[in-house]
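**Student:** I'd like to go over a predicted model; first the sequence, then the structure.
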Amino acid sequence: MLVCSLSFMMNAQSDYKSGIGLRFGGYYDLVAVSYKTFITTPGALEFNLGFRPFGVPGFSWTILSLSASYQHHFPIAAVDGLKWYVGAGATAYNSFSSYDYYDGFGLLIFPTGGVDYKFANLPLNVSVDLRPSIKIAGGIGYYNNFYFTGGVSARYTLN
């Protein structure tokens with residue numbers, strides 16, 4: 001069974017135009033709907049619409065965010081379907097709370113890097129990324145000015 005699984009993974013392909021699915025793990029978007037589309041052979045745009053609930057005894061708050069990034073892909077020759085990428089993006093978020101200290105709008109910018117894999121026999125793409133984010137706007141007291149964050153995505157490939 002292990003041999004069959006490894007053989008299946010090694011027969012991956014890198015050709016897909018776009019995919020939609022979920023991204024997990026960001027600081028400001030614990031769960032996000034993720035859409036990725038290639039605009040050139042190596043260049044892709046990724047959009048994430050996410051949310052993150054917080055709660056402590058006495059009150060809670062929620063962050064709603066929208067991220068967009070450009071990613072330039074490079075093939076990893078040893079494994080078909082596996083690419084690494086670098087790029088940059090921005091995130092706009094709003095925190096909703098009845099407590100002013102945790103309420104308001106913010107804007108982040110980030111470089112990004114990661115790996116992207118497309119399975120050959122499944123309409124599935126997975127990726128892992130890092131997004132060290134810097135806050136450039138927003139006066140929300142709770143949030144820091146720098147976040148070392150990343151995520152894992154799984155997308156159904158559309159074509």
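**Tutor:** Nice, thanks for sending it over.
**Student:** Double-check residue 30 against residue 48; I have them as touching.
**Tutor:** No - using Cβ atoms under 8 Å, residue 30 is not in contact with residue 48, being 11.3 Å away. In short, each C-beta sits where N, CA and C put it, glycine included.
**Student:** and these two? which has more neighbours close in?
**Tutor:** Each of residue 30 and residue 48 has its neighbours counted (other Cβ atoms under 10 Å); residue 48 has more, 25 against 17.
**Student:** Helix or strand: which one has the more buried one?
**Tutor:** strand 43-56 (DSSP states H and E).
**Student:** Quick one: list the elements packing against that strand.
**Tutor:** Where contact means 3 or more Cβ pairs under 8 Å, 6 or more residues apart in numbering; DSSP states H and E, strand 43-56 is packed against strand 31-38, strand 59-75.
**Student:** Could you rerun that using 10 Å?
**Tutor:** strand 18-24, strand 31-38, strand 59-75, strand 82-96, strand 104-118, strand 124-137, strand 146-157 (3 or more Cβ pairs under 10 Å, 6 or more residues apart in numbering; DSSP states H and E).
**Student:** Could you dump those into JSON lines with distance to residue 52 added?
**Tutor:** Listed next are these as JSON lines, based on distance: least, Cβ to Cβ, whole Å:
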{"stretch": "strand 18-24", "distance to residue 52": "11"}
{"stretch": "strand 31-38", "distance to residue 52": "7"}
{"stretch": "strand 59-75", "distance to residue 52": "5"}
{"stretch": "strand 82-96", "distance to residue 52": "9"}
{"stretch": "strand 104-118", "distance to residue 52": "13"}
{"stretch": "strand 124-137", "distance to residue 52": "13"}
{"stretch": "strand 146-157", "distance to residue 52": "11"}
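**Student:** I'd like those laid out as JSON lines, including mean neighbour count and distance to residue 53.
**Tutor:** Putting the helices and strands packed on strand 43-56 into JSON lines (neighbours: other Cβ atoms under 10 Å; distance: least, Cβ to Cβ, whole Å) gives the following:
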{"stretch": "strand 18-24", "mean neighbour count": "19", "distance to residue 53": "14"}
{"stretch": "strand 31-38", "mean neighbour count": "19", "distance to residue 53": "9"}
{"stretch": "strand 59-75", "mean neighbour count": "17", "distance to residue 53": "5"}
{"stretch": "strand 82-96", "mean neighbour count": "18", "distance to residue 53": "10"}
{"stretch": "strand 104-118", "mean neighbour count": "18", "distance to residue 53": "17"}
{"stretch": "strand 124-137", "mean neighbour count": "18", "distance to residue 53": "19"}
{"stretch": "strand 146-157", "mean neighbour count": "17", "distance to residue 53": "17"}
